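>>> the amino acid sequence is not available; the structure is as follows:
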Ligand SMILES: Nc1ncnc2c1ncn2[C@@H]1O[C@H](COP(=O)(O)OP(=O)(O)OP(=O)(O)O)[C@@H](O)[C@H]1O
Ligand SMILES: O=P(O)(O)OC[C@H]1O[C@H](OP(=O)(O)OP(=O)(O)O)[C@H](O)[C@@H]1O
């Protein structure tokens, strides 16, 4: 039996779509409402909070998982990235009030110290450390765009897709951090018994999701 972790929320529909593309049976999974584990044919699916998905793979609870690359970057779980579904595409960016733009563009006094609100403290820490900027990170669980208005932070590091949320909160993109999409991952040292099937799923996703775009 192959165990696959799937993110709940925004990524769930795309994860199911990718598995379907790879020929994995998903009828029961599509019908699931509050069940967090679903058995179907030779597969067992586990529905987990997006940020927890890498953990289930890392500890060997599941063989495979679909996870946003933002979540994988934040977890730094040393997993094997098997395929990019090209679904769930968005961007991780640093955003803030327009008045900060000249400092980010290097036109005004150097960027020395910033307070950054984010759901991604590890990514923020690495990103600003690589630029030599000292930061104080304010970890929030959502509605991050509120932080600059409330003077909790100078800027945010968060996801943008359509740009609607940034615009609605009078924020602008100051820097690109990374593109994001939904990836198929496995643990590095899994059992060989399921590997053939994992590769079949990987190939299915690679060949069927190549040109897929949902933005
Ligand atoms: N605007 C967006 N467009 C596309 N994908 C997004 C967007 N926002 C988040 N995602 C993707 O979806 C994942 C988060 O999904 P979701 O917002 O449902 O989770 P969550 O915030 O952990 O859930 P909850 O709001 O219940 O705490 C992100 O990790 C990212 O990969
Ligand atoms: O560019 P847009 O299309 O407007 O999308 C961006 C928004 O989507 C995500 O939030 P989500 O809706 O997941 O809510 P959250 O604030 O609880 O994380 C992200 O954190 C942004 O706030």
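Okay, I see it. Computed from a predicted structure; not experimentally measured. Ligands and ions are numbered 1, 2, ... in the order given.
>>> C-alpha only now, for contacts and for neighbours.
Noted.
>>> do the longest strand that the chain contains and ligand 2 meet at all?
Longest strand of the chain, by residue count under DSSP state E: strand 172-180. No. Applying Cα under 6 Å from any ligand atom, one finds strand 172-180 separated from ligand 2 by no less than 10.7 Å.
>>> any idea which helix or strand carries the nearest residue to residue 122 once chain neighbours are set aside?
Closest residue to residue 122 apart from its sequence neighbours, by Cα to Cα, 6 or more residues apart in numbering: residue 74 at 5.6 Å. According to DSSP states H and E, residue 74 maps onto helix 69-75.
>>> I'd like to know which elements that helix is packed against.
helix 53-58, helix 121-131 (3 or more Cα pairs under 8 Å, 6 or more residues apart in numbering; DSSP states H and E).
>>> give me the secondary structure label for residue 94.
strand (DSSP: H, G, I helix; E, B strand; the rest coil).
>>> neighbours of it, how many?
Look at residue 94: counted by other Cα atoms under 10 Å, it has 25 neighbours.
>>> tell me who's in contact with the residue nearest to it when sequence neighbours are not counted.
Among residues not flanking residue 94 along the chain, residue 157 sits closest, at 4.4 Å (Cα to Cα, 6+ apart). Residue 157 makes contacts with 92, 93, 94, 95, 116, 117, 118, 119, 120, 124, as judged by Cα atoms under 8 Å, 6 or more residues apart in numbering.
>>> let's have those in TSV, adding pLDDT and distance to residue 208.
Shown next, in TSV, are those (pLDDT from 0 to 100; distance: Cα to Cα, whole Å):
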residue	pLDDT	distance to residue 208
92	98	25
93	98	29
94	98	32
95	98	34
116	98	39
117	98	37
118	98	34
119	98	32
120	98	31
124	98	33
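>>> same for the lowest-mean-pLDDT helix or strand in the chain, what does it pack against?
Least confident element among the helices and strands of the chain, by mean pLDDT, DSSP states H and E: helix 101-104 (a mean of 87). Applying 3+ Cα pairs under 8 Å, 6+ apart, we find helix 101-104 packed against strand 172-180.
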